[in-house]
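Participant: fold the following and give me the result.
(2 chains)
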Number of protein chains: 2
Amino acid sequence: MSRTIAVVAAGAMGAAVGARLAARGARVVTSLDGRSEASIVRARAAGMIGVGDAELAGAEIFLSIVPPDKAVGLATRMAAAIAAARTRPVYVDLNAVSPATAREVGAIVAAAGATFVDGGIFGAPPQREGKGPAFHLCGPVGDCAAILAGHGLDAKVLEGGVGAASALKMAYAGITKGLTALGAGMILAATRHGVGGALLDELGASQPELLARLAKGIPDMLPKAYRWVPEMREIAATIGEDRPESAVYTAMAEFYAAVAADHAGEERETALLMRFFAGRG
Amino acid sequence: MSRTIAVVAAGAMGAAVGARLAARGARVVTSLDGRSEASIVRARAAGMIGVGDAELAGAEIFLSIVPPDKAVGLATRMAAAIAAARTRPVYVDLNAVSPATAREVGAIVAAAGATFVDGGIFGAPPQREGKGPAFHLCGPVGDCAAILAGHGLDAKVLEGGVGAASALKMAYAGITKGLTALGAGMILAATRHGVGGALLDELGASQPELLARLAKGIPDMLPKAYRWVPEMREIAATIGEDRPESAVYTAMAEFYAAVAADHAGEERETALLMRFFAGRG
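Facilitator: You can find the predicted model right below:
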């Protein structure tokens, strides 16, 4: 009999993970109540089955894949259903949250009776073929990593207790998503000073790898900037407020909020960024 | 007769630029009064001649290559000698300063009678062989770029008035030196959370180019961090205080100040960073 794995929510990452698990034989359940039409379409295309919270809580493994500022809310919402379930899931928080937030999630679901595993996803959503992103899991992982690996995910056990996978994810994202913020901010500054084209030329001449990364990373970021706002705050919390570099990420959260507002609104800076990579900066 | 070019100061970049100009036949003068023994040794090895300010001001071209927070001070110091000189130099500010600071320097030396050219250096100091870094010059460049190019520097004219080269330099450094700050900050955070080794492994697996850049860039940065403090502040000023991403660089200035203090003192974090790249993070 196939294993039941819950994946909440059916966003771009969640649906891609669900599709991979379903393609490898799992029964993949998710929550579609109140979700956007896009999520419902994505979930169906992925072979994910919409069910209620009671059935979600009865899954063998529950994968939480939501924006960072929704991680605690999902755990809180699921707690009652988990407490009422006949079998308790392994609740895996795969979100881009600080170790402290991961521990907060863990305390909520553990109090409801679930086993809590801290996790992080490293890389872009899995495609139909190929290895896909790395899943690092820590805490009382048991056979959870083996089950996920058996269903086509590149899941590994990370040494260290709850919080280690979250810390690793934050450090990684602080570099990769932080670099995207630096690139976008400096392209906008150069453009305002009339040297956008010169910056494109100089990066192309002396930093071709960085330019290639920004040329992909910045357009990809624009529709996701709103999610990166809470992620930057979680990175700041991971660093700790007592350290000066924490404020780097607090400021990046504000920057991504401005980018997200522009992308959802006038698209003035969105257009400047896209023009830059079209060589018309 | 060979042309006289002043290069102040004989730091790592200034001495390397001076060596290139001298090797290509220029008479290169500099200021050695009150300089460190290291600078004096570097200047002599580069074939640079120590002279007084009056003679510096009589050079055909005066290249200002100092830490960002010394650019205005050098211009102020040179103004009287420039005003008293029989021939007025082209004063080229090649420092990592904001357009506003470049204009401030320009106002000082122009009031003394010099022609002011704004410039920026992109890349590492020139070596004995090879093309070396790019020099972008803007404003009333005249034949200055051609003279420098004729003496072995990769000098180019950048369109735009005074401030364009500084803005370009700031945008470029905001990405490259900003990335070094992100990498160092997140390596330290990962190490504190016990996942330094895992971060090294994950970057190696999925971001090998970034890891290679950080493995060179972070150790190279440590002895220069003190200079990057004012440079980050100039980048913040280039962005403008009204924008949230300006605070990213204000915070990076504080971070580099902490790194510089550690490097000059206890070397605790210096050691953590070096251990990381030795695979013992």
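
Participant: so what's the residue count around the spatially closest residue to A:R268 that is not a sequence neighbour?
Facilitator: With sequence-adjacent residues excluded and distances taken as C-beta to C-beta, 6 or more residues apart in numbering or on different chains, A:R268 is closest to A:D262, at 6.1 Å. Bear in mind the C-beta positions are built from the backbone N, C-alpha and C, glycine included. Residues near A:D262, counting by other C-beta atoms under 10 Å in any protein chain shown, number 18.

Participant: got it, and A:G34?
Facilitator: Counted with other C-beta under 10 Å, the neighbours of A:G34 add up to 6.

Participant: cool, and A:A225?
Facilitator: A:A225 has 23 neighbours, counted by other C-beta under 10 Å.

Participant: isn't it up against A:H263?
Facilitator: Yes: assessed by C-beta atoms under 8 Å, A:A225 is found in contact with A:H263 at 6.1 Å.

Participant: which helix or which strand is home to A:L137?
Facilitator: Using DSSP states H and E, A:L137 falls within strand A:134-138.

Participant: and the contacts of that strand?
Facilitator: With contact meaning C-beta atoms under 8 Å, 6 or more residues apart in numbering or on different chains, strand A:134-138 is reached by A:92, A:94, A:117-123, A:144-145, A:148, A:153-165, A:168-169, B:198, B:202, B:205-206.

Participant: ok, now stretch A:109-120?
Facilitator: Residues from elsewhere that reach stretch A:109-120 (C-beta under 8 Å, 6+ apart): A:62, A:75, A:78-80, A:82-83, A:85, A:88-94, A:96, A:99, A:102, A:105-106, A:135-142, A:144, A:162-166, A:168-169, A:172.

Participant: which of those residues count as buried?
Facilitator: With burial judged by 16 or more other C-beta atoms under 10 Å in any protein chain shown, the buried subset of the contacts of stretch A:109-120 is A:62, A:75, A:78-79, A:82, A:85, A:88-94, A:96, A:99, A:102, A:105-106, A:135-139, A:141, A:144, A:162-166, A:168-169, A:172.

Participant: just the buried positions in the worst-scoring helix or strand of chain A on mean pLDDT, please.
Facilitator: The helix or strand of chain A with the poorest confidence is helix A:37-45; it has a mean of 93 (mean pLDDT, DSSP states H and E). For helix A:37-45, the neighbour count (16+ other C-beta under 10 Å) marks A:S39, A:R42, A:A43 as buried.

Participant: for those, give me CSV that also has distance to B:M1.
Facilitator: Converted to CSV, the buried residues of helix A:37-45 look like this (distance: C-beta to C-beta, whole Å):
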residue, distance to B:M1
A:S39, 77
A:R42, 75
A:A43, 80
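
Participant: between these, which sits nearest chain B?
Facilitator: Chain B has its nearest neighbour among the buried residues of helix A:37-45 in A:R42, at 24.6 Å by C-beta to the nearest C-beta.

Participant: what's the nearest residue to the residue located most distally from the centre of chain A if we skip its chain neighbours?
Facilitator: No residue in chain A sits farther from the centre than A:G194, which is 35.2 Å out by C-alpha atoms, centre = their mean. Sequence neighbours aside, B:G160 is the residue nearest to A:G194 in space, at 5.4 Å (criterion: C-beta to C-beta, 6+ apart).

Participant: what is the neighbour count of the one you found?
Facilitator: Each residue near B:G160 was counted by other C-beta under 10 Å, and the total is 19.

Participant: wait, a helix at it?
Facilitator: No: under DSSP: H, G, I helix; E, B strand; the rest coil, B:G160 falls outside any helix and is assigned coil.

Participant: isn't it up against A:G197?
Facilitator: No: using C-beta under 8 Å, B:G160 is not in contact with A:G197; the gap is 10.2 Å.

Participant: quick one: the strands in chain A?
Facilitator: Taking DSSP state E as the criterion, chain A contains strands spanning A:4-8, A:27-30, A:49-50, A:61-64, A:90-93, A:115-122, A:134-138, A:154-157.

Participant: in a markdown table: the ones you listed, plus mean pLDDT.
Facilitator: Formatted as a markdown table, these follow (pLDDT from 0 to 100):
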| stretch | mean pLDDT |
| --- | --- |
| strand A:4-8 | 98 |
| strand A:27-30 | 98 |
| strand A:49-50 | 97 |
| strand A:61-64 | 98 |
| strand A:90-93 | 98 |
| strand A:115-122 | 98 |
| strand A:134-138 | 98 |
| strand A:154-157 | 98 |
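
Participant: quick one, which of those strands is nearest to B:Y249?
Facilitator: Closest to B:Y249 of the strands of chain A is strand A:115-122 (C-beta to C-beta; 27.5 Å).

Participant: show me what the closest one pairs with in its sheet, parallel or antiparallel.
Facilitator: Strand A:115-122 sits in its sheet next to strand A:90-93 (parallel), strand A:134-138 (antiparallel), going by DSSP bridges.

Participant: need those in CSV (columns: distance to A:L179).
Facilitator: Compiled in CSV, the strands paired with strand A:115-122 are given as follows (distance: least, C-beta to C-beta, whole Å):
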stretch, distance to A:L179
strand A:90-93, 25
strand A:134-138, 19
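
Participant: nearest to A:R213, of these?
Facilitator: Among the strands paired with strand A:115-122, strand A:134-138 comes nearest to A:R213, with 18.7 Å by C-beta to C-beta.

Participant: how far away from the center of its chain is the closest one?
Facilitator: Distance, stretch centre to chain centre, for strand A:134-138: 13 Å (C-alpha atoms, centre = their mean, to the nearest Å).

Participant: residues of stretch A:232-248 that come out buried?
Facilitator: A:232-239, A:243-248.

Participant: just flag the most distant two among those.
Facilitator: A:E234 and A:P244 (18.0 Å).

Participant: contacts only, for A:T176.
Facilitator: Applying C-beta under 8 Å, 6+ apart to A:T176 gives the contacts A:G217, B:Q207, B:L210.

Participant: show me what contacts the first one?
Facilitator: Contacts were defined as C-beta under 8 Å, 6+ apart; by that measure A:G217 touches A:T176, A:L179, A:T180, A:G183.

Participant: pLDDT score assigned to the first one?
Facilitator: Note for A:T176: predicted pLDDT of 98.

Participant: also A:R280?
Facilitator: 56.

Participant: cool, A:G217 as well?
Facilitator: 98.

Participant: the biggest helix by length in chain A versus strand A:134-138: what angle between them?
Facilitator: As assigned by DSSP state H, the longest helix anywhere in chain A is helix A:164-192. Per axes from the mean of the first three to the mean of the last three C-alpha atoms, to 10 degrees, the angle that helix A:164-192 makes with strand A:134-138 is 140 degrees.

Participant: which residue, other than its chain neighbours, is closest to A:A16?
Facilitator: Excluding its sequence neighbours, the residue lying closest to A:A16 (C-beta to C-beta, 6+ apart) is A:P125, at 3.4 Å.
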